[in-house]
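> could you work out the structure for the sequence below:
(2 chains)
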Protein chains: 2
Amino acid sequence: MDIDTIELIHGEGGKHTQQLIEDVFYKNFNNDILLKNTDSALITLPSKNIAFTTDSFVVNPIFFRGGDIGKLAICGTINDLTACGAEPLYLSAGFIIEEGFLVEDLIKIVSSMKEASKISKVNIVTGDTKVVPKGKVDKIFINTTGIGVVNGYKPKNIVCGDKVIITGTIGEHGTAIAVDRYNLKVKGHIESDCEPLNYILKCLKDYYDHIKFMRDPTRGGVGQVLNEISKQCGLGIHIFEGKIPIRQEVEAINDMLGINPLYLASEGRMIIVVDKEVSMKVLEDLIIKCNLKASIIGEFTEENQFVYIENDFGGKRILTPLEAQILPRIC
Amino acid sequence: MDIDTIELIHGEGGKHTQQLIEDVFYKNFNNDILLKNTDSALITLPSKNIAFTTDSFVVNPIFFRGGDIGKLAICGTINDLTACGAEPLYLSAGFIIEEGFLVEDLIKIVSSMKEASKISKVNIVTGDTKVVPKGKVDKIFINTTGIGVVNGYKPKNIVCGDKVIITGTIGEHGTAIAVDRYNLKVKGHIESDCEPLNYILKCLKDYYDHIKFMRDPTRGGVGQVLNEISKQCGLGIHIFEGKIPIRQEVEAINDMLGINPLYLASEGRMIIVVDKEVSMKVLEDLIIKCNLKASIIGEFTEENQFVYIENDFGGKRILTPLEAQILPRIC
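Below is the predicted model of the structure:
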C-alpha cells in the first residue's frame, strides 16, 4: 500500500477497497479457497457434522505483551471450536476499522493473524472490511467465525468424583491486558497466554469417551466457568488452591490490583472435566505429549451445589459467580 | 429484561451476560440448534459442499425506512450466499453494543432479525455479545456469518451476447439511508428494498447451466458491480438506460443530492448474467413466479472493455468504476 492511513474510501466497495484487500489481506491470508472477487468461500468439508462459532474482538489495547487483537481473534475462535471437540478448519474475518487507522498497524495485525493461522493450520477463507468515520469505533474491531469438524467427541453427564483439569497457568491474558492498559510498572516477565489450542485434541482423542466437558476460561475466567458448570450439572466443585497453576508475577500484580486472578481471562487454556478413572492418564499425556503445565485442580462433589476452594491449611471459601465488572474489553 | 440500558457488565461473561442472552437473544432466535451454555453450534449439514461468507454491519442510522441494522444483517449475508447459488441454512450473529444502548432498541433490532430469519427460513444458531464503553462504538455493530449449501450452480465464463438481468428497481436502500441520515423532507413513498433473496434460487435452478454470474449490488451499487464483472471477463457491457428499473422518487431524490443512483446500494436485488438463449425465459420466471420487477438491462459486447450506457436517444456515456466516496456506512 502506498498510503499511510486507512480512509473511508477503503470501505466503499470500489477500487480502493479492492486495493486494500489485495495488498493487505490476500497477500497474508493467501490460500486456495480465499478467492478474489467473490463474496463467499466455496468449501468441500470432510464431514457433514460441524461445529460453528462466532466471536467479536474489541480488546483494548489492540497491541499487548504476548499478542495483539489479530492473534487473539484467531486463537479465540479456534479455542471455542476446540472446546466442543471440533477440529477447526476454516475461519472468516470481518474487520471494522476507524478512519485514520495506520496501515502499518493493520499490516502488523494481519501478519499476526497469518502467523496464528499457520501454527494452527486453520485457513482464513473469507472476509469483510468496513471503515467508519473517526470516533465511531475505537481503532479496530475484528470478528472471526469458525467452522470445525466434529470427530467423535460429545459432552456427557458429569457425576460426583469427576476431575477438573486446567491445561496451564491461569489469568495471564487478563493480567497482560491490565498491565498494558494501565501502564503498570511490573518486574518479572508477564505476557498473554493467547495461543491456538486445537493441537491438544490429538492428545485427548483417545479419551473422548471419558471427557465430560471442555471450556476455555476466557471472559470471567476459571471462577466463572466452574460456576456455570456447577449450576448446569447441579453438583458442587471442590477446588484445591495449591493445585491451581499460577505464575508468581500474575499473583503479585493481581494482589496489587485487588483482582482475584481466578476471574481473569486466559486465552490459551482449557478446562477439561474428565472421568476420575482416566484423569491421571489424561494429565500425563497433556504434560508429556503436549508439553503443558496441566494440573488436576479439583473434583465434583455432592456435598453441596457451589464451587469452593480449599487452601493448603484446610480453610475453605466459596468461589461465587462473577457479580461485578472485573476488567472490560479483554477480548 | 428489568433494565432500560445495556451496561458494561452485560459483556463480562457473568450472570448479567447470561440474563441478556436468555431474555433477548434466546427468546427471539429460539431453534433446536441454538443451545444455551455452549460456545459453538453443532450442526449436521445436508451436504459437504458449502459456501461460507461474512459481513459486518455498521449502517447509520440503525433504524431507517424499510428496515434496521438487524434486518439488514440477516438479508446481507443471506444474499451473499444466494449470489453464489448456495441455499443459505445457518447464520451466526455477533453484536458489539455501546454502553448505555437502550434495551428497547436492542429488542426491536433482534425482533427484526427474528422476522427476517423466519421469512427466509434461515436459523441463527450461534452468537456473541460484546459491550464497549460509551463513545467506543457508534451505538451497535452486528456481524453475521453464514453457511449455505451449494446445489449445482457454478459461475461460468461470460461471452459476448450474454444478458444482464436486474431483479428489481435499483438504489432504494441507499436512498432510504440518505433520506433518514440527513433528515431530508421528501414527497412520495421511499423505503429500503432490503429483503432476503434466497427464494429466487427456486426460480433459477432450472437455468443453472446457463447462469454465468450473480452478485447483489450493495456497496458501490450496480455501477461498481458491472465494472468489476467487465474487468474480470475482459468484455464491455452495453447498458440501455431506459431498461433500468428505477422509481421516480429515487430519481428525484438523487437528482437533488447530485448522486448517481447507479452507484447506490440495493439490499434486496440481484444482478444475474445469463446466456442470451434463455434470458427471456429467466426474466419471465422472475417476473411471474417470483413476482419481481426484473428487467434485462444490457448485454456483453466485444466492442470495448468498459461499461457504457445508451439513453433512449442513442446517446452513450461511460459508467466508470467508483472513484470517490458516495455515501459511507450504508450497510
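> what is the burial count for residue A:263?
Using other CB atoms under 10 Å in any protein chain shown, residue A:263 has 28 other residues around it. All C-beta spots, glycine's among them, are computed from the backbone N, C-alpha and C.
> so it versus chain B, what's the distance?
Relative to chain B, residue A:263 is positioned 9 Å away (CB to the nearest CB, to the nearest Å).
> show me the contacts for that residue.
Neighbouring residues of residue A:263 by CB atoms under 8 Å, 6 or more residues apart in numbering or on different chains: A:220, A:221, A:222, A:223, A:224, A:322, A:326.
> again, only using 7 Å
Residues touching residue A:263, when contacts are defined by CB atoms under 7 Å, 6 or more residues apart in numbering or on different chains, comprise A:220, A:221, A:223, A:224, A:322, A:326.
> touching, the second one and residue A:264? I think so.
Yes: under the contact definition of CB atoms under 7 Å, residue A:221 touches residue A:264, with a separation of 4.8 Å.
> looking at the two, which is more packed in?
Between residue A:221 and residue A:264, counted using other CB under 10 Å, residue A:264 has the larger neighbour count: 30 against 27.
> count the residues that sit near the residue nearest to that one when sequence neighbours are not counted.
Spatial nearest neighbour of residue A:264, chain neighbours left out: residue A:174 (3.1 Å); criterion: CB to CB, 6 or more residues apart in numbering or on different chains. With neighbours defined by other CB under 10 Å, the count for residue A:174 comes to 29.
> again, but for residue A:308
Residue neighbour count, defined by other CB under 10 Å, stands at 19 for residue A:308.
> go on, residue A:161?
Applying other CB under 10 Å, I find that residue A:161 has 14 neighbouring residues.
> distance of residue A:58 relative to chain B?
Taking CB to the nearest CB as the criterion, residue A:58 is separated from chain B by 5 Å.
> distance check, that residue against residue B:99.
12 Å (CB to CB, to the nearest Å).
> list the buried ones in stretch A:181-190?
Buried residues in stretch A:181-190, defined by neighbour count with 16 or more other CB atoms under 10 Å in any protein chain shown: A:181, A:190.
> in the host helix or strand of residue A:42, what's buried?
Residue A:42 is part of strand A:41-44 when elements are defined by DSSP states H and E. Counting neighbours by 16+ other CB under 10 Å, one finds that the buried residues in strand A:41-44 are A:41, A:42, A:43.
> re earlier: okay, residue A:58 and residue B:99: which has more neighbours?
Neighbours were counted for residue A:58 and for residue B:99 using other CB under 10 Å; residue A:58 has more, 27 against 19.
> that one: what's it in contact with?
Residue A:58 makes contacts with A:141, A:329, B:96, B:130, B:132, as judged by CB under 7 Å, 6+ apart.
> in chain A, which spans are strands?
Counting by DSSP state E, one finds strands in chain A at the ranges A:41-44, A:49-57, A:63-64, A:67-68, A:86-98, A:123-132, A:140-150, A:163-166, A:211-215, A:236-240, A:271-274, A:295-301, A:307-310, A:316-318.
> got the ones you listed as a markdown table, with mean pLDDT and distance to residue B:277 columns?
Formatted as a markdown table, the entries for these read as follows, by pLDDT from 0 to 100; distance: least, CB to CB, whole Å:
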| stretch | mean pLDDT | distance to residue B:277 |
| --- | --- | --- |
| strand A:41-44 | 94 | 26 |
| strand A:49-57 | 97 | 39 |
| strand A:63-64 | 98 | 57 |
| strand A:67-68 | 98 | 54 |
| strand A:86-98 | 98 | 37 |
| strand A:123-132 | 96 | 33 |
| strand A:140-150 | 98 | 38 |
| strand A:163-166 | 98 | 65 |
| strand A:211-215 | 97 | 56 |
| strand A:236-240 | 98 | 69 |
| strand A:271-274 | 98 | 60 |
| strand A:295-301 | 98 | 68 |
| strand A:307-310 | 97 | 70 |
| strand A:316-318 | 96 | 75 |
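> please tell me how far the residue nearest to residue A:264 sits from residue B:43.
Here the criterion is CB to CB. By it, residue A:174 lies 32 Å from residue B:43.
> what residues does the stretch 101-250 of chain A put near chain B?
Taking CB under 7 Å from any CB of the partner chain as the contact definition, the stretch 101-250 of chain A meets chain B at A:125-128, A:130, A:132-133, A:136-138, A:141, A:143, A:145, A:147, A:150, A:219-220, A:224, A:228, A:232.
> weed out the non-buried ones from those residues.
Going by neighbour count (16+ other CB under 10 Å), these have A:125-128, A:130, A:132-133, A:136-138, A:141, A:143, A:145, A:147, A:150, A:219-220, A:224, A:228 buried.
> so where's chain A uncertain?
Judged against pLDDT under 70, the low-scoring parts of chain A cover residues A:36-37, A:325.
> might you report the residue contacts of the residue in the stretch 101-250 of chain A that chain B sits nearest to?
Using CB to the nearest CB, the closest approach of the stretch 101-250 of chain A to chain B is made by residue A:219 at 2.9 Å. For residue A:219, the contacting residues are A:265, A:330, A:331, B:12, B:13, by CB under 7 Å, 6+ apart.
> what of residue A:180?
Neighbours of residue A:180 in contact, by CB under 7 Å, 6+ apart: A:61, A:64, A:65.
> buried subset of those, written for PyMOL?
Remark: buried members of the contacts of residue A:180, expressed as a PyMOL selection using 16+ other CB under 10 Å:
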select buried, chain A and resi 64+65
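> got a markdown table for the contacts of residue A:180, with distance to residue A:272 too?
Shown next, in a markdown table, are these (distance: CB to CB, whole Å):
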| residue | distance to residue A:272 |
| --- | --- |
| A:61 | 31 |
| A:64 | 27 |
| A:65 | 27 |
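> wait, which of the contacts of residue A:180 is closest to chain B?
residue A:61 (12.5 Å).
> that closest one reaches residue A:182, doesn't it?
No: using CB under 7 Å, residue A:61 makes no contact with residue A:182, being 10.1 Å away.
> list the helices and strands the strand holding residue A:42 packs on?
The elements that strand A:41-44 packs onto, with contact taken as 3 or more CB pairs under 7 Å, 6 or more residues apart in numbering or on different chains; DSSP states H and E, are strand A:123-132, strand B:49-57.
> in chain A, where's the longest helix?
Among the segments of chain A that qualify as a helix by DSSP state H, the longest is helix A:103-120.
> residues near residue A:135, how many?
The burial count assigned to residue A:135 is 12, neighbours taken as other CB under 10 Å.
> any idea how far residue B:135 is from it?
Computed as CB to CB, the residue A:135 to residue B:135 distance reads 8 Å.
> do the same with residue A:63
In this view, residue A:63 and residue B:135 are 21 Å apart by CB to CB.
> which neighbours do residue A:221 and residue A:264 share?
Residues touching both residue A:221 and residue A:264 comprise A:171, A:174, with contact defined as CB under 7 Å, 6+ apart.
> can you tell me which of the buried residues of strand A:41-44 is nearest residue B:279?
The nearest member of the buried residues of strand A:41-44 to residue B:279, counting by CB to CB, is residue A:42 at 25.3 Å.
> beta partners for the closest one?
The residues paired with residue A:42 through beta bridges, assigned by DSSP bridges, are residue B:51.
> give the contact list for it.
By CB under 7 Å, 6+ apart, the residues touching residue A:42 are B:51, B:84, B:150.
> got the residues you listed as a markdown table, with distance to residue A:21 columns?
Putting those into a markdown table (distance: CB to CB, whole Å) gives the following:
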| residue | distance to residue A:21 |
| --- | --- |
| B:51 | 19 |
| B:84 | 17 |
| B:150 | 23 |
